[in-house]
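# just the structure for this:
(one chain, ligands or ions: 1)
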Amino acid sequence: MKKNDLVEVTIESMGSAGEGIGKIDGYPLFVKDTFPGDRARVSLTKVKKTYAFARLVELLEPSPDREEPRCAQPRRCGGCQIQGLSYEKQLLYKEEKVREDLKRLGGFAEPPVNPVLGMDEPYRYRNKAQFPFGKDKEGRIVTGFYAGRTHSIVPETDCALGIEENQTILNMILNFMNENHIEPYDENTGKGLLRHALIRKGFATGELMVSLVINGRKFPQIEKLADCLFTIPGMTSLTLNVNQKNTNVILGDEIIPVRGQTCITDKIGDISYQISPLSFYQVNPVQTEKLYRTALEYAGLTGQETVWELYCGIGTISLFLARSAKKVYGVEIVPQAVEDAKHNAELNGISNVEFYLGKAEEVLPERYEKEGILADVIVIDPPRKGCDSACLTTMLAMAPERIVYVSCDPATFARDLKILCADGRYELTRVQPVDMFPQTAGVENVGLLVCRK
Ligand code: SAH
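Residues are numbered from 1 along each chain as shown. Predicted coordinates for the structure are as follows:
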């Protein structure tokens with residue numbers, strides 16, 4: 001077989017990025033946009049010794065598990081790898097993926113994985129989106145999303161995962177730019193003003209934030225645009241974000257207030273959080289509450305415990321746990337996030353929390369060696385790459401009763417759990433996958449490790 005060959009294949013399973021996998025005489029083909037049960041004509045795009053990648057050319061027989069995608073252009077965007085699959089099957093796929101990773105990469109013979117906690121309504125769940133602005137071939141100003149792996153903008157103002165207000169806001173901005181001759185940023189020349197619009201909504205409060213990322217420090221006639229945007233119910237914050245660098249990083253560091261507040265407020269459970277345009281905040285608040293409740297349950301707090309939370313961000317989990325613990329210490333590497341965490345503690349009148357700025361793998365060992373700090377429970381929520389080994393070693397030395405591991409990547413989750421369970425002192429007793437990102441291949445997990453006494 002060689003590149004560009006056309007072949008027919010039946011898809012049998014799914015890979016870790018949500019791609020379909022079918023075999024031809026035992027030789028596996030990885031085909032994006034296909035699902036188990038599909039019979040498809042595909043064209044080979046990359047041929048390796050033991051496997052190949054292929055592109056869907058024609059669906060000969062659709063899988064019975066397919067469902068009509070809600071979005072107008074799921075294939076071009078590529079953000080939703082499995083939108084064509086029924087939601088029920090999406091959840092089963094994710095459960096299986098977690099179980100397989102724990103077996104294969106974690107060495108757990110029978111991992112205790114619960115069914116995935118899914119959503120009742122798996123669309124319109126995202127509270128945040130960042131839309132790029134540019135021009136199409138005819139020179140018209142457009143906004144939408146980058147077509148998979150490129151920087152060409154596919155015009156689309158209504159992402160099926162996003163809030164309905166996105167469309168209204170984006171159309172107002174487009175009209176305003178056309179009427180006032182405001183140019184979108186051009187990556188090639190470094191000229192033009194508007195780069196992105198960041199839109200965020202507090203689902204619990206209804207508050208809406210728009211931050212315009214600009215290649216400059218002034219936005220002509222911004223008051224007129226503000227008048228327009230503030231007619232939208234819930235609109236409470238309009239800011240400019242300055243980004244004059246030639247970079248793929250969307251946001252710059254500086255925020256210039258325009259109208260309303262710089263932050264919006266949202267609630268998860270009964271805790272309020274103030275969120276600035278620069279803060280990390282979970283994008284699916286409905287599922288975040290389920291995730292945090294699971295973490296709280298697994299932490300098994302009675303009010304007497306000292307808890308360390310590593311990778312705490314703006315303190316969301318720490319504050320969620322604080323009312324049930326004696327004391328919670330959070331560790332986070334981003335200075336602004338630590339500031340937000342402290343502020344959020346105050347906002348909620350929570351005084352039994354303390355936040356440390358620094359790397360978890362440095363702060364924890366240092367405190368342990370210098371002060372002999374102890375923990376009854378350690379909660380961690382690291383980024384995709386997982387936990388640093390210095391951090392894992394110190395956690396084991398501190399010997400907490402329970403370790404609660406929140407993870408957005410099943411592979412590094414399995415790898416780290418293997419290390420934590422290696423000497424047999426800790427047992428993995430529960431794993432709860434939570435569907436934070438319906439329609440995509442992503443899955444979040446909460447794992448509970450219990451110290452054998
Ligand atoms: N628990 C939070 C944030 C989780 S995201 C929430 O649910 O909102 C992971 C966090 O880890 C990010 O805030 C990131 O800034 C932080 N981080 C990344 N590397 C880190 C490190 N080495 N030490 C401490 N924090 C780190």
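# in the stretch 151-300 of the chain, what residue is nearest the ligand?
Using C-beta to the nearest ligand atom, the closest approach of the stretch 151-300 of the chain to the ligand is made by residue 280 at 4.8 Å. From N, CA and C alone the C-beta is placed, and that goes for glycine too.
# please apply the same query to the chain.
For the chain, C-beta to the nearest ligand atom, closest residue to the ligand: residue 313, 2.8 Å.
# in terms of secondary structure, what does the helix or strand bottoming out on mean pLDDT in the chain contact?
Of all helical and strand segments in the chain, the minimum by mean pLDDT, DSSP states H and E falls on helix 74-77, at a mean of 79. The contact analysis (3 or more C-beta pairs under 8 Å, 6 or more residues apart in numbering; DSSP states H and E) places helix 74-77 against no helix or strand.
# contact partners for residue 228?
By C-beta atoms under 8 Å, 6 or more residues apart in numbering, the contact list for residue 228 reads 172, 176.
# and it, what are its phi and psi?
phi -70, psi -50 (degrees, to the nearest 10).
# any idea how far it is from residue 214?
Computed as C-beta to C-beta, to the nearest Å, the residue 228 to residue 214 distance reads 17 Å.
# who's in contact with the longest helix anywhere in the chain?
With secondary structure taken from DSSP state H, the chain has its longest helix at helix 87-104. With contacts defined as C-beta under 8 Å, 6+ apart, helix 87-104 is touched by 14, 16, 18, 35, 65, 67, 82, 85, 108-109, 111, 113, 115-116, 118, 122, 410-411, 413-414, 417, 428, 431, 433, 435, 438-439, 441, 443, 445.
# the same query, at a cut-off of 7 Å, please.
14, 16, 65, 82, 108, 111, 113, 115-116, 118, 122, 410-411, 414, 431, 433, 435, 438, 443, 445 (C-beta atoms under 7 Å, 6 or more residues apart in numbering).
# over to stretch 395-407?
Contacts of stretch 395-407 (C-beta under 7 Å, 6+ apart): 291, 295, 298-300, 368, 374-381, 413, 416-417, 420, 426, 444-451.
# can you say which of those are buried?
Buried members of the contacts of stretch 395-407, counted by 16 or more other C-beta atoms under 10 Å: 291, 295, 298-299, 368, 375-381, 413, 416-417, 420, 426, 444-450.
# from the residues you listed, which are also near the ligand?
residue 381 (C-beta under 6 Å from any ligand atom).
# tell me which of the buried ones among the contacts of stretch 395-407 fall in strands.
Counted as lying in strands by DSSP state E, out of these, are 377-380, 426, 444-450.
# how about the residues you listed in CSV, adding pLDDT?
Formatted as CSV, these follow (pLDDT from 0 to 100):
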residue, pLDDT
377, 98
378, 98
379, 98
380, 98
426, 98
444, 98
445, 98
446, 98
447, 98
448, 98
449, 98
450, 98
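# just the strands in the stretch 101-250 of the chain please.
With DSSP state E, counting those that start in this stretch applied, the stretch 101-250 of the chain shows strands at 128-135, 141-146, 153-155, 194-201, 208-214, 235-242, listed in chain order.
# lowest average pLDDT across those?
Sorting the strands of the stretch 101-250 of the chain by mean pLDDT places strand 153-155 lowest, at a mean of 91.
# and this structure, which of its residues are near the ligand?
Near the ligand, when you scan the chain using C-beta under 6 Å from any ligand atom, you find 280, 282, 311-313, 316-317, 331-334, 337, 359-361, 381, 383.
# ok, 8 Å please
Contact residues (C-beta under 8 Å from any ligand atom) of the chain with the ligand: 280-282, 288, 291-292, 309-317, 331-334, 337, 358-363, 381-383, 388, 391, 406, 408.
# only the buried subset of these, as a PyMOL command please.
Listed next is the PyMOL selection for buried residues among the residues of the chain next to the ligand, using 16+ other C-beta under 10 Å:
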select buried, resi 281+282+288+291+292+309+310+311+312+313+314+315+316+317+331+332+333+337+359+360+361+362+363+381+382+388+391+406+408
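# so which of the residues of the chain next to the ligand sit within helices?
288, 291-292, 316-317, 337, 360-363, 391.
# ok, back up a step: can you put the strands of the stretch 101-250 of the chain in JSON lines and add mean neighbour count and distance to residue 100?
Listed next are the strands of the stretch 101-250 of the chain as JSON lines, based on neighbours: other C-beta atoms under 10 Å; distance: least, C-beta to C-beta, whole Å:
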{"stretch": "strand 128-135", "mean neighbour count": "20", "distance to residue 100": "30"}
{"stretch": "strand 141-146", "mean neighbour count": "20", "distance to residue 100": "30"}
{"stretch": "strand 153-155", "mean neighbour count": "18", "distance to residue 100": "33"}
{"stretch": "strand 194-201", "mean neighbour count": "23", "distance to residue 100": "35"}
{"stretch": "strand 208-214", "mean neighbour count": "24", "distance to residue 100": "39"}
{"stretch": "strand 235-242", "mean neighbour count": "21", "distance to residue 100": "41"}
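# wait, isn't the residue of the chain closest to the ligand in contact with residue 337?
Yes: counting by C-beta atoms under 7 Å, residue 337 is a contact partner of residue 313 at 5.4 Å.
# shared neighbours, these two?
With C-beta under 7 Å, 6+ apart as the test, residue 313 and residue 337 both reach residue 280.
# now do the contacts for residue 38.
11, 20, 59, 61-63.
# report the two of these separated the most.
20 and 61 (13.1 Å; C-beta to C-beta).
# show me which of these two is the more surrounded one.
Remark: of residue 20 and residue 61, residue 20 carries more neighbours, 28 against 10, as counted by other C-beta atoms under 10 Å.
# residues touching that one, list them.
So residue 20 contacts 11, 14, 31, 34-36, 38 (C-beta under 7 Å, 6+ apart).
# could I get the residues you listed as TSV with secondary structure and pLDDT?
Output for the contacts of residue 20, formatted as TSV (DSSP: H, G, I helix; E, B strand; the rest coil; pLDDT from 0 to 100):
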residue	secondary structure	pLDDT
11	strand	98
14	strand	96
31	strand	97
34	coil	96
35	coil	97
36	coil	97
38	coil	98
